[in-house]
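J.: Fold the following.
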Amino acid sequence: MPALRAALAASLIVFVAACEQKPADSTTPAASTSLKAEGPDASIQKSVALLKQGDFAGLMQHALPPAEFAKAKADWGKDAEPVTDEDRKKFADTMGKLVEPDAETKLYAELEPQLKTFDATYQQQIPMYVSMGSGWLQGMIQQNKDMSEAEKQQALTAVNALAAWVQKTRFTDPEAVKKVLAIVTKTARSLNIKSADEARALTYEQSMEKARTGFQGVKEVLGVYGFSLDQTLDSVKSEVISNDGKTAKVKISYTLLDTPLTGETEMVNLDGRWYGKHALEKAEDKPAAATPAEGAQAPAAEAAAQG
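T.: Residues are numbered from 1 along each chain as shown. Next up is the predicted model:
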């Protein structure tokens with residue numbers, strides 16, 4: 001299935017390349033909104049709303065105190081590896097297939113002769129793959145020393161829900177594959193990045209907009225297979241359990257693939273704004289030489305955990 005692998009890989013290549021850039025000031029309206037009147041539960045809901053929009057610039061600004069956010073932006077792209085000739089070739093080969101005229105039709109024509117054989121093999125082997133994958137994830141969760149028992153149980157329930165979805169979903173259905181190829185090629189064209197060097201030269205703000213475009217493409221692809229990220233995010237509810245003005249504990253409930261999940265998160269009030277305690281600890285512990293991708297993923301991961 002080389003064509004399909006190339007199509008899926010391209011979205012990851014562009015997303016990662018777009019994230020390894022030099023920063024510039026974000027002017028996202030949602031990110032600059034005053035948060036002083038918001039409680040800890042409202043802060044969580046705002047993170048969820050920003051994530052739903054794919055507003056990663058706003059999410060980063062919302063998740064970090066001003067000084068930490070400024071530092072993260074200042075460090076953005078400092079340690080990005082130089083673009084190699086191999087990088088240039090891989091980018092050109094992959095993206096070239098996705099943005100050429102009628103790319104989705106050409107990719108499907110390349111894929112179609114192998115589809116039936118692969119489909120039969122895949123459907124037979126998927127229970128084994130699901131079992132191996134979920135077992136590996138469950139093991140990682142159980143061994144994680146930073147998670148409480150309640151957090152582990154929530155994570156395990158989420159893994160089981162995702163495993164059930166994967167097992168019942170026919171990813172190789174020809175009509176679904178056609179839709180996925182159409183989405184991936186449309187997204188690649190919308191990104192409008194001509195080379196690996198151009199991707200590396202994107203400013204912080206440009207990178208965040210490219211990431212938004214890629215994220216919307218991912219949501220559309222998942223939607224083809226019945227997994228609505230928007231529906232999951234819309235289901236998020238937050239309820240304050242305790243709040244002494246400085247710290248708060250908030251109960252989070254949401255539905256993932258028809259599976260109800262609940263958990264708790266701790267929030268910290270700094271200068272009238274509420275932040276996830278885990279995100280703050282990550283920001284404080286992060287070495288100065290951390291990669292740009294790591295800097296972006298920390299607040300996003302915290303928001304996802306809260307939601």
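J.: what's the helix or strand hosting Asp230 packed up against?
T.: In this assignment (DSSP states H and E), Asp230 forms part of helix 229-234. Packing partners of helix 229-234 (3 or more C-beta pairs under 8 Å, 6 or more residues apart in numbering; DSSP states H and E): helix 40-53, helix 204-224, strand 247-256. Every residue, glycine included, has its C-beta placed from N, CA and C.
J.: list the buried ones in the helix or strand following the last one?
T.: This means strand 247-256. Per DSSP H and E, the first helix or strand lying C-terminal to strand 247-256 is strand 259-270. Neighbour counts over strand 259-270 (16 or more other C-beta atoms under 10 Å) mark 261, 263-269 as buried.
J.: what's the offset of the next helix-or-strand element following strand 259-270 from the middle of its chain?
T.: Next along the chain after strand 259-270, taking DSSP H and E as the criterion, comes strand 273-276. Relative to its chain's centre, strand 273-276 lies at 21 Å (C-alpha atoms, centre = their mean, to the nearest Å).
J.: What of stretch 96-106?
T.: For stretch 96-106, the separation from the chain centroid amounts to 25 Å (computed by C-alpha atoms, centre = their mean).
J.: where does this structure have low pLDDT?
T.: By pLDDT under 70, the weakly predicted segments of the chain are 1-37, 285-307.
J.: which residues in it form helices?
T.: For the chain, the helices defined by DSSP state H occupy 2-19, 29-32, 40-53, 56-63, 66-75, 85-99, 103-143, 149-168, 174-191, 196-200, 204-224, 229-234, 277-285, 292-306.
J.: now for these, which one comes closest to Asn243?
T.: Shortest distance between Asn243 and the helices of the chain, using C-beta to C-beta, is found for helix 40-53: 6.4 Å.
J.: Just give me the residue right at the centre of the chain.
T.: Geometric centre of the chain, nearest residue: Phe215, 6.9 Å, by C-alpha atoms, centre = their mean.
J.: ok, back up a step: so which of the helices of the chain comes closest to Lys251?
T.: Lys251 sits nearest to helix 40-53 of all the helices of the chain, at 8.9 Å, using C-beta to C-beta.
J.: Show me what that closest one is packed against.
T.: Going by 3+ C-beta pairs under 8 Å, 6+ apart, helix 40-53 lies up against helix 29-32, helix 56-63, helix 229-234, strand 237-243, strand 247-256, strand 259-270, strand 273-276, helix 292-306.
J.: Relative to the whole chain's centre, how far out is it?
T.: With C-alpha atoms, centre = their mean, you get 15 Å for helix 40-53.
J.: If Arg273 is in a bridge, with which residues?
T.: Leu270 (DSSP bridges).
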